[in-house]
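Enquirer: can't give you the sequence, but here's the structure:
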């Protein structure tokens, strides 16, 4: 069965979802990050994969995580140093070596990514070499591999609209059989708040007495 690795930054004010601070304030952005982390982990556990691992920044032992309640069933690991690509590539290679089977790696920024999406990606990874679930800003929220492909994570222009397309181009150049999931929406910028599910706005986050989504 598939191993699922969830990449997450500690949901701490001034650290998490900083691009949303102009709309939500530092505390509001951190509160939303905490909700999305909890939601992501609940969906991950409901997807019925073999193991769910939270790959954390900073390390699990850091005091910043002490106030964050995590499900006991979640394994924990440290993202370590380096840019996003270095950390993702290292986590993917380690998980593949540990699992001896397919690995899915995903973030916590997409509340629309459900347990059904995750389970389907796992099923497709049984028949494909790689899976990708893209998001509307040009990136992806989930990637899955059956074997290490470090070239997918190096020299990538992260946080730009070319990430998913370039990743798919590299997969094609490697001759990988790829399944691509439906395009979803990340919640990264103030404009993205329009795509936040209603459950995440009750009670609404407030900043200068303005509701979460305008």
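Expert: Nice, thanks for sending it over. From a predicted model like this one, the values you see are computed outputs, not experimental measurements.

Enquirer: what's stretch 109-117 in contact with?
Expert: 36, 39-40, 43-44, 46-48, 106, 133, 135, 141-142, 181-182, 184-188, 195-197, 200 (C-beta atoms under 8 Å, 6 or more residues apart in numbering). All C-beta spots, glycine's among them, are computed from the backbone N, C-alpha and C.

Enquirer: can you pull out the low-pLDDT segments for the chain?
Expert: Residue ranges of the chain with pLDDT under 70: 202-214.

Enquirer: can you give me the buried ones in the longest helix along the chain?
Expert: The single longest helix within the chain, with elements called by DSSP state H, is helix 21-46. Using 16 or more other C-beta atoms under 10 Å as the test for burial, helix 21-46 gives 21, 23-26, 28-41, 43-45.

Enquirer: again, but for stretch 81-99
Expert: For stretch 81-99, burial by neighbour count (16+ other C-beta under 10 Å) applies to 84-85, 87-96, 99.

Enquirer: let me know the closest of the residues you listed to residue 154.
Expert: residue 85 (5.7 Å; C-beta to C-beta).

Enquirer: assign a three-state SS to the closest one, would you?
Expert: Secondary structure, DSSP: H, G, I helix; E, B strand; the rest coil: residue 85 is helix.

Enquirer: next up, the contacts around it.
Expert: Residue 85 neighbours (C-beta under 8 Å, 6+ apart): 153, 154, 155, 156, 158.

Enquirer: returning to what we had before: tell me what the longest helix of the chain is packed against?
Expert: When contacts are defined as 3 or more C-beta pairs under 8 Å, 6 or more residues apart in numbering; DSSP states H and E, helix 21-46 sits against strand 3-9, strand 51-57, helix 115-124.

Enquirer: need the residues that contact stretch 31-42.
Expert: The contact list for stretch 31-42, computed with C-beta under 8 Å, 6+ apart, reads 6, 8-9, 11, 16-17, 20, 24, 52, 54, 68, 70-71, 74, 106-109, 111, 113, 187, 196, 200, 205.

Enquirer: in what helix or strand does residue 77 lie?
Expert: Element membership for residue 77 (DSSP states H and E) is strand 75-78.
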